[in-house]
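Visitor: Fold the following, please.
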Amino acid sequence: MRAVVQRVKRAEVRVEQEVVGRIGFGIVILLGVGKDDTEAAGEALAEKIANLRVFDDAEGKMNRSLLDAGGQALCVSQFTLYGDCRKGRRPSYDQAAAPDQALPLYESFVKSLRARGILTEAGRFRAMMDVELVNDGPVTLLLDSDRLF
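Guide: Predicted structure coming up:
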């Protein structure tokens, strides 16, 4: 799995003008599921994200996790994180999981965050979504369950 994690002051996701997920202070996670991913990979990634120390402590140092800070999460599926742009001009999505494989893994990832006590909202899988956020910092990180980066 691949994730773009952004610390935010607030965020929301809409489908056809309907708000389907909204959070205050916390993180937005754009999540891509690869064709070789497993539920265990999603569980490990959720654990990593929940405990990333990206929130300021009393001295202004990024020393607190989402759990420590009491933040919320908004998770949005994004298969394009597996876009391979190394050849030509059209990205190849060969490494992205097919929708029938990706959906249960995406849902399992969201459940893993919720199981840790994190208020977690989600986008709508396979829908065209408008994601609006106020990036805090900005703080943006790239994560990969295979630790490629």
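
Visitor: how near is residue 52 to residue 91?
Guide: As judged by Cβ to Cβ, to the nearest Å, residue 52 and residue 91 stand 27 Å apart. Placement of C-beta: from N, CA and C, glycine included.

Visitor: which element is residue 104 on?
Guide: helix 99-115 (DSSP states H and E).

Visitor: Which strands or helices does that helix pack on?
Guide: Secondary-structure packing of helix 99-115 (3 or more Cβ pairs under 8 Å, 6 or more residues apart in numbering; DSSP states H and E): helix 39-51, strand 72-77, strand 120-122.

Visitor: So which of those has the densest surroundings on average?
Guide: Counting by mean count of other Cβ atoms under 10 Å, strand 72-77 has the highest mean neighbour count of the helices and strands packed on helix 99-115, with a mean of 25.

Visitor: What pairs with that strand, parallel or antiparallel?
Guide: strand 26-32 (parallel), strand 120-122 (parallel) (DSSP bridges).

Visitor: Now the shortest one: average pLDDT?
Guide: Over the span of strand 120-122, the pLDDT mean works out to 98.

Visitor: So in terms of bridging, what pairs with the residue most central in space within the chain?
Guide: Centre of the chain computed as the mean C-alpha position; nearest residue by Cα atoms, centre = their mean is residue 29, 2.0 Å away. Counting by DSSP bridges, residue 29 forms beta bridges with residue 5, residue 75.

Visitor: wait, it sits on residue 72?
Guide: No - with contact defined as Cβ atoms under 8 Å, residue 29 does not reach residue 72; the gap is 11.0 Å.

Visitor: who touches residue 45 in this structure?
Guide: 1, 3, 109, 143, 145 (Cβ atoms under 8 Å, 6 or more residues apart in numbering).

Visitor: Correction: the previous question concerned residue 98.
Guide: When the contact criterion is Cβ under 8 Å, 6+ apart, the partners of residue 98 are residue 35.
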